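In: Requesting a structural model of the entry that follows:
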Amino acid sequence: MLPQEFLYQLRQANPIDTVMGSYVHLIKAGSLLKCLCPFHSEKTPSCTVYPHNNSFYCFGCHAGGDVITFIMQIEGLPYMDAVRMLAERAGMTVPEQERDNGESKFRMRLLELNRAAARYFFENLTGKDKRGLIYLKERALKPEIIRKYGLGYADDRWDGLLNAMKQLGYTDEELLGANLCSRSGKTGNLYDKFRNRVIFPIFDLRGSVIAFGGRTIEKDGEPKYLNSSDTPVFKKGRNLFSMNFAKKSQSKRLILAEGYMDVISIHQAGFENVVASLGTALTPDQCRLMRQYAEEVVISYDSDAAGQNATVKAVNLLRAVGLRPRILHMHDAKDPDEYIKKFGSAYFRKLLEEADDAVSYELQRCRDGTDPESEDGTITALHKAISVLSGIENELDRNVYLSKIAKEYEISPEILKAQVAQEIRKRKKNEKKQTWTALKTAPLLRDPINPEAAARPKEAKAEEQILCYLFRQPDALEDVLKQIRPEEFVTELNRRIFRHLTDKLQQGYPYDLSLFSDSFTPQEMGRITGIEASHSELDISPKAVSDCIRVLKNPKLDPAKAAELDDSDWAANFQAIKQQKRS
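Out: Okay, the predicted model is just below:
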């Protein structure tokens, strides 16, 4: 276990507002700070930062905790790795007596292995087999951009990387864990995953190599692109290619491209603020990552059908996290790489400035698949347009687009406006219906963090008030312990919190939220932070605590248990209830 003095210094050196401010845009709200939550999609800030006690809490998704918890969640790291990251950030050294179950050491070994593999692939690029280098030169990549991205080459040997890494001391388990090798089902032997491919190392935001992508150099090679699967150091849906470079851009705009080569070509043309997803469709987590660095995203996908379909999905995902999507229109080129080669970076910059807003793009696509000359085609397109218009929240913006569509389709603006208003009312009615359904079913839903709370809501609330009182008045612990013991808490989570808090305070530690961070999961830390945040307006007195304790000591008798009580137990229970009512 890490010394509390070290953790105190770590938190002091990493104020939560400074750390979170490097990931999200913080807005002053009195003595507090607010932001759009980086852990779920929202348009109105519901995440509050409390600088006075170095914590955060989201009233929307209930994420919360201290600065260590935040780094664990935002970076997807285990506890000790989050501590190391914050220590490195502050120029501190983690004490040697750290608790480590082996998982952190394995992660560190995988990162070292990935770095060694990237060096191996890079050196291979200029080795005897020059096919990888020839391919990159044919794609017009300059030597400096090849070095900057650390591009490499995997030749056609089945064990080239395997043997090189074995010589460096890496084990079969580590090679499999990093997804650099696979095991043969026939022989049981390991073999290289990447062969006959140009290699694209994938870096995290700190510059560590976490995975690889490989593009075949064979004319009919399949698959065209091969990517690392998820590993202990890499989650495909949470990372973006070239984000380590794009985050350094001063622009509040990001360019979202479709693949590795598009990104590198755009970057080489002078646009550092470009990223791409990693061999999968865009995910909400990737959109939230972009939102940490940008306000607007220009979608620069291929102009083919697949690219356009992906564009529509990306628009919805980007909007959901509060980003403004815009769409790049390329003519006479299938992708940005080809466009830049044909017309140059100056024209590409002009293309970026002229990119359509997402609404205009969606309204244009309403005519797709319809016959514009027929009445049926026009009606179908209009119904699609009404659906788009009704989704625009700002009334002024909606009326601007509405007037444009009315003119384009030669229809009365009043009629179109009435149809849009009807669609809006219909949507609101459906939303209310869904909300009501959710409310009715909510009591039946199991609380995954504190399962007993749903069955014993009154007792769970009483426990939370006792805990909140002790968070504020830790010196009152002995008085509380005279009235109730940890085992008398009804719910398992709150019992653990109370017992842990009691142990720490009795050992002489001053109260701090981080007393819990090494013993509770990030989700449980969110609940602990929420206990304090949700009771912030409530003045909890010693008498109120005593009332809460009586609730726990005299719970409502369950009928099934009542049948099992003998006469003396029944009488004692009855007297306790009478006494509680008098109080």
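In: so where's the chain uncertain?
Out: For the chain, the stretches with pLDDT under 70 are 97-101, 435-446, 555-583.
In: residue contacts, residue 207?
Out: By Cβ atoms under 8 Å, 6 or more residues apart in numbering, the contact set of residue 207 is residue 244. Backbone N, C-alpha and C define where each C-beta goes, glycine included.
In: Going forward, the N-terminal residue is numbered 8.
Out: Noted, 8 is the first residue going forward, which turns the last one into residue 214.
In: State the number of residues packed around the closest residue to residue 149 other than its chain neighbours.
Out: Nearest non-adjacent residue to residue 149, counting by Cβ to Cβ, 6 or more residues apart in numbering: residue 275, 6.4 Å away. Residue 275 has 19 neighbours, counted by other Cβ atoms under 10 Å.
In: Would you confirm that residue 275 contacts residue 148?
Out: Yes: because the distance of 6.7 Å satisfies Cβ atoms under 8 Å, residue 275 is recorded as touching residue 148.
In: one step back: state the distance from the residue nearest to residue 149 to residue 477.
Out: Noted for residue 275: a distance of 59 Å to residue 477, by Cβ to Cβ, to the nearest Å.
In: cool, residue 348 as well?
Out: 66 Å.
In: Please identify which of those two sits among more neighbours.
Out: Comparing residue 348 with residue 477 by neighbour count (other Cβ under 10 Å), the higher total belongs to residue 477, at 21 against 13.
In: domains in the chain, as residue ranges please.
Out: 11-97, 110-241, 250-371, 373-449, 458-589 (automatic domain parsing).
In: which residues does residue 217 contact?
Out: Applying Cβ under 8 Å, 6+ apart, the residues near residue 217 are 118, 121, 209, 210, 211, 238, 240, 241, 246.
In: again with residue 174
Out: So residue 174 contacts nothing (Cβ under 8 Å, 6+ apart).
In: how far away is it from residue 167?
Out: Separation of residue 174 from residue 167 (Cβ to Cβ) stands at 11 Å.
In: Equivalent analysis for residue 387, please.
Out: Between residue 387 and residue 167 the distance is 57 Å, computed by Cβ to Cβ.
In: who has more neighbours, these two?
Out: Neighbours were counted for residue 387 and for residue 167 using other Cβ under 10 Å; residue 167 has more, 20 against 16.
In: pretty sure the more buried one contacts residue 173?
Out: No: taking contacts as Cβ under 8 Å, residue 167 lies outside contact range of residue 173: 11.1 Å.
In: any chance of the domains of the chain in a markdown table, plus distance to residue 103?
Out: What follows is the domains of the chain, written out as a markdown table (distance: least, Cβ to Cβ, whole Å):
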| stretch | distance to residue 103 |
| --- | --- |
| domain 11-97 | 11 |
| domain 110-241 | 13 |
| domain 250-371 | 30 |
| domain 373-449 | 48 |
| domain 458-589 | 16 |
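In: Could you find the closest non-adjacent residue to residue 268?
Out: Nearest non-adjacent residue to residue 268 (Cβ to Cβ, 6+ apart): residue 344, at 5.4 Å.
In: Also residue 118?
Out: Nearest to residue 118 is residue 215, by Cβ to Cβ, 6+ apart, at 5.2 Å.
In: and that neighbour, how far is that from residue 121?
Out: 7 Å.
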